[in-house]
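**Student:** Output the structure for:
(one chain, ligands or ions: 1)
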Amino acid sequence: MPPHPLTEAELAETVAGLPDWTYEHSRLTSTFRLPRPSVTPFLAAVAKAEDAANHHAVITLLYDKVSLALQTHDADNSVTVRDVALAREISLLARQHGSH
Ligand SMILES: C[C@H](O)[C@H](O)[C@H]1CNC2=NC(N)=NC(=O)C2=N1
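**Tutor:** Now for the predicted structure:
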């Protein structure tokens, strides 16, 4: 049973608690800048977290900038608690990998 799309009020509360992330076009988006040598370990850690959550982000890499977009396909491409949980984890991983 997929989770329900977050309501406007839930989204506002969520984004307030996710300083690295923005809500736009029905997705949570973020861009992290990392030391170049940390990019591969960071991406490996994100992939591991994705597979543990069975929830996957769209990831764009340009040298030391990693952009990510999260939405729940199983809930009509809306933002759900699954996106919020993975976003929190990715923010932590980014900090652990030297994001600035
Ligand atoms: C079959 C598989 O469990 C589903 O497709 C999972 C996998 N990863 C996913 N990732 C995202 N972002 N949204 C989903 O609804 C989703 N569903």
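
**Student:** all contacts plus neighbour counts: C-alpha atoms, from now on.
**Tutor:** Noted.

**Student:** What ranges does the protein have for its strands?
**Tutor:** In the chain, the strands defined using DSSP state E lie at 22-24, 27-33, 58-62, 65-70.

**Student:** helices or strands next to the biggest helix by length in the chain in the packing?
**Tutor:** Longest helix of the chain, by residue count under DSSP state H: helix 36-53. If you count contacts as 3 or more C-alpha pairs under 8 Å, 6 or more residues apart in numbering; DSSP states H and E, helix 36-53 packs onto helix 81-96.

**Student:** Flag every buried residue along the helix it packs on.
**Tutor:** By 16 or more other C-alpha atoms under 10 Å, the buried positions in helix 81-96 come out as 81-84, 86-88, 90-91, 93-94.

**Student:** of all the residues you listed, which two lie farthest apart?
**Tutor:** 81 and 94 (19.8 Å; C-alpha to C-alpha).

**Student:** can you give me the mean pLDDT across stretch 71-82?
**Tutor:** Stretch 71-82 shows a mean pLDDT of 97 in the predicted model.

**Student:** Name the surrounding residues that touch it.
**Tutor:** 2-6, 26-28, 55, 57, 70, 83 (C-alpha atoms under 8 Å, 6 or more residues apart in numbering).

**Student:** okay if I get the buried residues of helix 81-96 as a markdown table plus distance to residue 44?
**Tutor:** Formatted as a markdown table, these follow (distance: C-alpha to C-alpha, whole Å):
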| residue | distance to residue 44 |
| --- | --- |
| 81 | 23 |
| 82 | 20 |
| 83 | 18 |
| 84 | 20 |
| 86 | 14 |
| 87 | 15 |
| 88 | 17 |
| 90 | 11 |
| 91 | 14 |
| 93 | 10 |
| 94 | 11 |
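
**Student:** ok so, going back, figure out which of the strands of the chain is closest to the ligand.
**Tutor:** The ligand lies closest, by C-alpha to the nearest ligand atom, to one member of those: strand 65-70, at 5.8 Å.

**Student:** thinking again about what came up before, keep the contacts of stretch 71-82, but drop any that are not near the ligand.
**Tutor:** 55, 57, 70 (C-alpha under 6 Å from any ligand atom).
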